[in-house]
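1. Sharing a sequence plus its predicted fold:
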There are 2 protein chains.
Amino acid sequence: MSRWEPNARERLVRAAVESFLERGYDEVTVAEITERAGLTKRTFFRHFADKREVLFAGQDILSRTFAEAIAAAPASATPIEAIAAALTATEASFGPDRREWALKVQAVVADHSDLRERELLKRAKLRAAMADALRARGVPDPAASLAAEIGGLAFTTGFARWVAPANERGFGEVAREALAELVEATAKLG
Amino acid sequence: MSRWEPNARERLVRAAVESFLERGYDEVTVAEITERAGLTKRTFFRHFADKREVLFAGQDILSRTFAEAIAAAPASATPIEAIAAALTATEASFGPDRREWALKVQAVVADHSDLRERELLKRAKLRAAMADALRARGVPDPAASLAAEIGGLAFTTGFARWVAPANERGFGEVAREALAELVEATAKLG
DNA sequence: CCTGTGATGACACCTGGTGCCATTAACCTA
DNA sequence: TAGGTTAATGGCACCAGGTGTCATCACAGG
């Protein structure tokens, strides 16, 4: 137990997203977020490197999940199969309970260019993690990089479909579906 | 003719890159750059949206070149062939004279995370431009997105090889080579 | 009881970035 | 030639993000 209110980080995230939804990302100052969370500006920047990061908490865990799942795939699995396994492994991070929250965060990110830029960085790190994990399996370049790009595209497409209003299916399902479509499209390029 | 020293924008870019090379990106303030260029801070931000942008001048032209070349490719060209044509079209923007300058800029960008993040944004815009141009040709998704990803990877790889110390070949050549390798690797994924 | 440790508060400070208005030289028009 | 317009710049005040530094406080362990 600690002497302060616990979960400072989580309180900051919630306070931030709620404030952003109410008044827009750059109408809200860090000082206002911390006031709402019962903390101070200095503490905010101890938990997050900058104002944008508060909207991307947990992305590192996602990258690790991907990398571990790719490493754990059977030795006989092709690069695409390893990526499919990784998409399945992230199912746990995208339960139905998280969908509403993801929608809120996505709404904030979508209408501010600084945040979209940061999102690109996170996606790039995800692709890099995939490519590294594939290379560790013995997949040579450029196949590893290429597979990681396809995996990133499948993830992005899958995520978009998962948070889409009408969707009822799980993330793993839609993401694997997107991956399959990409693999099929591969044949029509050349 | 204008009443002030001409080429303000170019002077700012040169002053910025030289300063960054000498003392590092975040040891140099915008005020110092503008002083070196004989201008003021306020003018800097009229030419560039933020401090990072000064290192990415001309990226929009590159995206347009790509889009136009893809649009101008013969109707019979496959998506990959259209992208190969676009890589060839950018040859003019990457003459031997530009290589030394590109090396300097790349050196600055490479060792600062904010700048690498901005570079990702530029690459993403390039991919988006390619995907849009392909869709305008009637290439359906996800093939258009996939081809754009491959094109982006070919561009990145080609650029890296072009600026590499030992390289003597032109950008178009190494980029098309990278593209060919990617297409070949496509077969080994599934 | 004492000391170390980790998370926070408090405060000063710098710089990136913007809004607003003044200035200046060229250009246009009468 | 005089006067108004326009485009690029200068000057300045101001805000907010981000950092360095030191103080504080509660708990753990000896």
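-> Thanks, I have it.

2. How about the residue nearest to the spatial centre of chain A, nearest residue that isn't a chain neighbour?
-> The centroid of chain A falls nearest to residue A:59 when counting by Cα atoms, centre = their mean (5.0 Å). In space, and not counting its chain neighbours, residue A:59 is closest to residue A:122: 4.7 Å by Cβ to Cβ, 6 or more residues apart in numbering or on different chains. In short, each C-beta sits where N, CA and C put it, glycine included.

3. Can you tell me the element the one you found falls in?
-> Secondary structure from DSSP states H and E places residue A:122 in helix A:113-136.

4. which outside residues touch the helix or strand containing residue A:45?
-> Residue A:45 is located in helix A:41-47, with elements delineated by DSSP H and E. For helix A:41-47, contacts defined as Cβ atoms under 8 Å, 6 or more residues apart in numbering or on different chains pick out A:8-9, A:12, A:30-31, A:33-34, A:54.

5. Secondary structure, pLDDT and neighbour count added to those, as TSV?
-> Formatted as TSV, the contacts of helix A:41-47 follow (DSSP: H, G, I helix; E, B strand; the rest coil; pLDDT from 0 to 100; neighbours: other Cβ atoms under 10 Å in any protein chain shown):
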residue	secondary structure	pLDDT	neighbour count
A:8	helix	93	18
A:9	helix	95	17
A:12	helix	97	23
A:30	helix	98	18
A:31	helix	98	11
A:33	helix	98	24
A:34	helix	97	21
A:54	helix	98	22
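
6. Let me have those in TSV, extended by distance to residue B:73.
-> Shown next, in TSV, are the contacts of helix A:41-47 (distance: Cβ to Cβ, whole Å):
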residue	distance to residue B:73
A:8	55
A:9	51
A:12	50
A:30	49
A:31	53
A:33	50
A:34	54
A:54	44
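
7. ok so, going back, now that the residue nearest to residue A:59 has come up, it's in contact with residue A:56, right?
-> Yes. If you go by Cβ atoms under 8 Å, residue A:122 and residue A:56 touch, sitting 5.6 Å apart.

8. any idea how far DNA strand D is from the residue of chain A at minimum distance from DNA strand C?
-> Going by Cβ to the nearest atom of the strand, DNA strand C is nearest to residue A:8 of chain A, at 3.1 Å. The gap separating residue A:8 from DNA strand D is 14 Å, by Cβ to the nearest atom of the strand, to the nearest Å.

9. Would you mind listing the buried residues in the helix holding residue A:45?
-> Residues of helix A:41-47 classed as buried: A:43-44, A:47 (neighbour count, 16 or more other Cβ atoms under 10 Å in any protein chain shown).

10. now swap in stretch A:102-114 and tell me
-> For stretch A:102-114, by 16+ other Cβ under 10 Å, it's A:105, A:108-109, A:112.

11. DNA strand D contacts on chain A?
-> For chain A, the residues in contact with DNA strand D (Cβ under 7 Å from any atom of the strand) are A:1-3, A:26, A:28-31, A:41-42, A:45, A:49-52.

12. what ranges do the helices span in chain A?
-> A:8-23, A:30-37, A:41-47, A:59-72, A:79-89, A:96-110, A:113-136, A:143-163, A:171-186 (DSSP state H).

13. Settle this for me: residue A:151 is touching residue A:128, isn't it.
-> No. The pair residue A:151 / residue A:128 is not scored as a contact, 11.2 Å apart, by Cβ under 8 Å.

14. In terms of packing, which of these two has more residues around it?
-> residue A:151 (29 against 15; other Cβ atoms under 10 Å in any protein chain shown).
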